[in-house]
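1. Here is my input, please return the structure:
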Amino acid sequence: MLALRSTEVEVVGITCTHGNIGVDLVEGNVCAIADAVGAPAGLRVWVGADRPLVQARDKDATEWHGADGLGGTGLGARGGA
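-> Sure, this is the predicted structure:
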């Protein structure tokens, strides 16, 4: 978020992967947060792995991060780029 607001760097894209929630929600959350901090129009978001690469996990972290992955902050996922 700091880099997106900086005049000293040019952010040309953001990557995201599966983590605390599924990658489908992660992608939308990245887009929503980028919009909220005033990222330039056309900023690309690339989606990476949709599951852990080494050790499978049976559970996500929605009990900690909420069903939306953002702790119910209201930003919500607006869908992928």
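2. Next, the residue nearest the centre of the chain: secondary structure please.
-> Geometric centre of the chain, nearest residue: Val30, 3.0 Å, by CA atoms, centre = their mean. Following DSSP: H, G, I helix; E, B strand; the rest coil, Val30 is assigned to helix.
3. so what's it closest to, chain neighbours aside?
-> Spatial nearest neighbour of Val30, excluding adjacent residues (CB to CB, 6 or more residues apart in numbering): Cys16 at 4.8 Å. C-beta: built from backbone N, CA, C; applies to glycine.
4. The helix-or-strand element of the chain with minimal mean pLDDT: which residues count as buried?
-> Ranking every helix and strand in the chain by mean pLDDT, DSSP states H and E puts helix 62-65 at the bottom, with a mean of 86. Neighbour-count burial for helix 62-65 flags His65 (criterion: 16 or more other CB atoms under 10 Å).
5. and what of stretch 37-44?
-> So, applying 16+ other CB under 10 Å, buried residues of stretch 37-44: 39, 43.
6. What distance do you get for Gln29 to Met1?
-> For residue 29 the amino acid is Asn, not Gln. According to CB to CB, to the nearest Å, Asn29 and Met1 sit 12 Å apart.
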